[in-house]
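*Asks:* Quick one: sequence plus predicted model below, questions after.
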Amino acid sequence: MVIVMKPGSPEEMIQRIERKMVSLGCEVHRSQGENYCILGLVGDTTGVDRSQIEANEYVDKLLSVQHPFKLVSKHFHPQDTVIEVDGLKIGAGHMVVMAGPCSVESEEQLMTIARAVKEAGANMLRGGAFKPRTSPYSFQGMEEEGLKLLKQAKEETGMPIVTEVMGQDTFDLVEEYADVLQIGARNMQNFSLLKRCGKSNRPILLKRGLSATIEELLMSAEYILANGNPNVILCERGIRTFETYTRNTLDLSAVPMIKELSHLPIIIDPSHATGRWSMVEPLSKAAVAVGADGLMIEVHHQPERAFSDGGQSLKPQKFARLMKSIEELVALRNVACK
């Protein structure tokens with residue numbers, strides 16, 4: 001349930017309603033805009049007398065939220081959430097590009113790529129220190145040594161770090177080094193891990209599961225918000241279908257759909273979506289066109305020697321070309337939105 005207060009409602013009256021709702025067993029989440037105040041009620045609202053609330057002269061209206069996700073719903077938070085990372089804004093039209101290698105492989109490899117993507121205009125550096133792999137015999141990442149190299153790259157380039165956390169046993173360690181914690185597609189419904197994310201003070205990048213619906217993605221985000229962390233970035237990275245020419249099928253419709261349903265920012269990962277470097281640029285352009293808040297792109301200076309996902313990684317020169325092309329699209333999008 002959502003209580004929409006009238007513009008100019010006195011703070012004393014808003015607080016009185018909040019206290020009343022808490023006394024009835026509800027959890028109250030306030031969303032404050034320039035001209036409005038919305039009180040979102042979470043929990044058992046059966047004890048709430050709608051007629052009494054509607055009789056209050058400062059209450060504009062009551063709304064019932066039909067979606068199973070509450071805190072991530074736009075009913076609860078009409079304004080788009082903007083997440084700040086080291087002064088960088090993500091969401092509400094602010095375009096961010098996260099770029100870097102799939103895996104941290106060595107100091108030389110990471111620093112070469114970090115410098116290249118920074119020069120091309122990337123805002124954040126992505127790179128895996130802990131790598132979930134289908135085969136137990138594949139490269140699993142450099143672990144803490146990889147995190148140290150990511151920190152070194154940040155110190156030189158100034159770019160915030162995005163890296164994946166795979167489990168609660170390494171959560172504190174990754175949290176110490178990373179600026180944004182990524183939850184991979186295979187862990188999207190690892191609910192104990194999502195609850196731990198809710199206790200973190202770091203923004204969470206939540207990737208859509210291989211076969212997850214949009215509602216399931218939003219419900220996973222709800223776990224994080226419900227446990228106290230409002231800073232969640234959603235990521236569409238393709239879903240598994242019957243198509244075999246691409247690694248996955250990129251669901252671009254998820255962007256406008258999620259923006260209709262939720263206030264959380266959403267970015268696109270075109271690299272994992274197709275598994276083919278040749279498709280990264282056109283799908284990046286399409287992502288910008290449909291309103292994505294950012295891109296996550298894999299870049300490697302020697303993709304033929306990459307320990308993982310070389311076939312979907314752009315070389316630095318191609319990444320620089322991509323950045324120029326989407327820069328023009330972002331400018332056009334911003335003009336169209338004014």
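*Replies:* The structure has been received and is ready for your questions.
*Asks:* switch to C-alpha atoms for all contacts and neighbour counts from now on
*Replies:* Fine.
*Asks:* Now do the contacts for Pro303.
*Replies:* Shown in contact with Pro303 (CA atoms under 8 Å, 6 or more residues apart in numbering): 309-311, 313-315.
*Asks:* backbone phi and psi for Ile161, please?
*Replies:* Its backbone dihedrals place Ile161 at phi -100, psi 130, with angles given as degrees, to the nearest 10.
*Asks:* From Leu205, how far out is it?
*Replies:* In this structure, Ile161 and Leu205 are 12 Å apart, going by CA to CA, to the nearest Å.
*Asks:* about what we covered before: from the contacts of Pro303, which ones fall inside strands?
*Replies:* If you go by DSSP state E, the contacts of Pro303 have nothing in strands.
*Asks:* Would you mind listing the two of the residues you listed that lie farthest apart?
*Replies:* Largest separation among the contacts of Pro303 by CA to CA: Asp309 and Lys315, giving 12.5 Å.
*Asks:* give me the number of residues near Gly127?
*Replies:* Number of residues near Gly127 (other CA atoms under 10 Å) recorded here: 27.
*Asks:* roughly how far apart are it and Asp309?
*Replies:* Noted for Gly127: a distance of 12 Å to Asp309, by CA to CA.
*Asks:* and if you look at Thr157?
*Replies:* Taken as CA to CA, the span from Thr157 to Asp309 is 24 Å.
*Asks:* Repeat that for Gly8.
*Replies:* Gly8 is 55 Å from Asp309, by CA to CA.
*Asks:* Please identify which of the two sits among more neighbours.
*Replies:* Shown here are Gly8 and Asp309; by other CA under 10 Å, Asp309 has more neighbours (21 against 11).
*Asks:* what's the more buried one sitting at in phi/psi?
*Replies:* With angles defined as degrees, to the nearest 10, Asp309 sits at phi 60, psi 40.
*Asks:* Touching, it and Gly100? I think so.
*Replies:* No - the pair Asp309 / Gly100 is not scored as a contact, 11.8 Å apart, by CA atoms under 8 Å.
*Asks:* so how many other residues sit close to Val280?
*Replies:* The burial count for Val280: 25, using other CA under 10 Å.
*Asks:* which residue sits closest to Glu236, ignoring its sequence neighbours?
*Replies:* Ile268 (5.0 Å; CA to CA, 6 or more residues apart in numbering).
*Asks:* quick one: the one you found from Met124, how far?
*Replies:* 14 Å.
*Asks:* and these two? which has more neighbours close in?
*Replies:* A direct count of neighbours by other CA under 10 Å for Ile268 and Met124 places Ile268 higher, at 30 against 25.
*Asks:* chain center to stretch 41-56, what's the gap?
*Replies:* Per CA atoms, centre = their mean, to the nearest Å, the displacement of stretch 41-56 from the mean C-alpha position of its chain is 33 Å.
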